[in-house]
Structure formats: structure tokens, C-alpha cells
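[1] the following comprises the amino acid sequence and a computationally predicted model.
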Amino acid sequence: MLGVLGGVGGTVTLLSYGYWIRERGRTGIEGVKICRLDLAVAYVMTALFGLSMVVIGSQITVEGKGAKVALQLADQLGAALGPAGRWLFLLGFWGAVFSSLLGVWQSAPYLFADFLAIRRGAPADERQHLAKTPAYRAFLVAIALVPLVLLWKPVKQVQLAYAVLGAMFMPLAALTLLVMNNREAWVGKSFRSGWLVNALLVVTLLLFGYMGLTGIGD
């Protein structure tokens, strides 16, 4: 379950959203409204996809690995829903995988490029457009080539470990937002979190805390 939450719910790449906000020039209350709408739509679709895959995976038995699993799922759905259902699933599956790859490739290099910029003491204005820096482009090349060495090795446990570790970022983000976004001196009165947001963040902390304690107990 932690693997699903970490892999589908978002990991440390969520930090990169701040770089996208900066490059799009979103500021003030209007910028916050656009971001809230953007994230709401994205997470509703992500939640639907995650729940659908959990339901499908619990009802259908598949054999094999890799891309063959998607084809087997599509064939079994096609038997129940017809050719249209089969192709809709394949199209949706391709879209989910492609968007996930594109998101990581476009976002993760920001963290690397910004880390190097901070280490060498670059001023804030120089860090406004990190996508044009040599460090960003070098990381793009690395993220494309380095994983190739794992093509002939099973990576199931590596993927699960990455997803679980990534899931640990979610409660840390929730705790940070609870502290930071409720201090008017830090974010201003207009940007303080409301009761609903705070309640959701507390629920997030309790959920991950419960699952963590349960996992340790097991």
C-alpha cells in the first residue's frame, strides 16, 4: 500500500512544482488559484487511475512481467467490455506511463541543477531559469543512459523500495505545510491555510503514521 501511495501519489518530484510555478510567472492570489485548480484536477485524475488499477489488479489474475502484463490486462478487459474497452485501457495505460516518464524527466533535473547552483553560491536571479543550464541538460542525459544498465536485471524490489521511500516524503511535506502555512509572519494573511486544508494535512499525517506503525509491527 505504501508503494502504491508513493508511486501514484507523488514523491520528492513534487518539489519541482515550485520551479514550474516560477517559470510560468505565477504570483499573488491569482497564481495560487490557478495552482489549486491545476493540482485539484491532476490529483482527482491520479486518484481515479490509482483506485482503478487496484480494483482491476484485485479481480484479474495475470502472468508474466513488463509490458506483457498490460497486454494481458487489456485482453481480459476486452473479453468483458469488447474491443472498445480493450483499446481505451491500452490508450489510458500508455498515457499514464508516458506522462509519468515525462514528468520525472522534466522535473528531477531541476533539483540537481538547483543543488549545484546553491552549492556555488549563485544569486537568486541566476536560478530563475534552471532548464537552460548545463547541469540540467547533463542530468537529462544521465537519467536517460544510467538506467540502461538495469535492463537485464530484475528491478522489482528496487522499484518497491523507491516507492516506499518516496511515500515517506508525503507526511514530511504535510508536516512542513502545517507549520509553515499557518504562520502569518512567514506567508502573509492571504496565503494562510484554511481549516479544510489543515484537516486534510492532519489526516495525511495520521494515515501515514498508522501505516508506518503497522508496517513496523508486522
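    Right, received. Where do you want to start?

[2] beyond the longest helix anywhere in the chain, next helix or strand please.
    Looking across the chain with DSSP state H, the single longest helix is helix 83-119. Going down the chain from helix 83-119, the next helix or strand is helix 134-145, by DSSP states H and E.

[3] buried residues, that next one. List them.
    The neighbour-count check on helix 134-145 (16 or more other C-beta atoms under 10 Å) flags A135, Y136, F139, L140 as buried. Heads up, the C-betas are built off the backbone N, CA and C, glycines and all.

[4] and those, which is closest to V97?
    L140 (18.7 Å; C-beta to C-beta).

[5] ok, the nearest residue to the closest one once chain neighbours are set aside - how many residues close by?
    Nearest residue to L140 in three dimensions, chain neighbours excluded: P109, at 5.5 Å (C-beta to C-beta, 6 or more residues apart in numbering). Counted with other C-beta atoms under 10 Å, the neighbours of P109 add up to 24.

[6] quick check: next helix or strand after the helix-or-strand element of the chain with minimal mean pLDDT?
    Counting by mean pLDDT, DSSP states H and E, the chain has its least confident helix or strand at helix 2-9, which shows a mean of 59. Next in sequence after helix 2-9, counting helices and strands by DSSP H and E, comes helix 17-24.

[7] helices or strands next to that following helix in the packing?
    On a contact count with 3 or more C-beta pairs under 8 Å, 6 or more residues apart in numbering; DSSP states H and E, helix 17-24 meets helix 28-59, helix 83-119.
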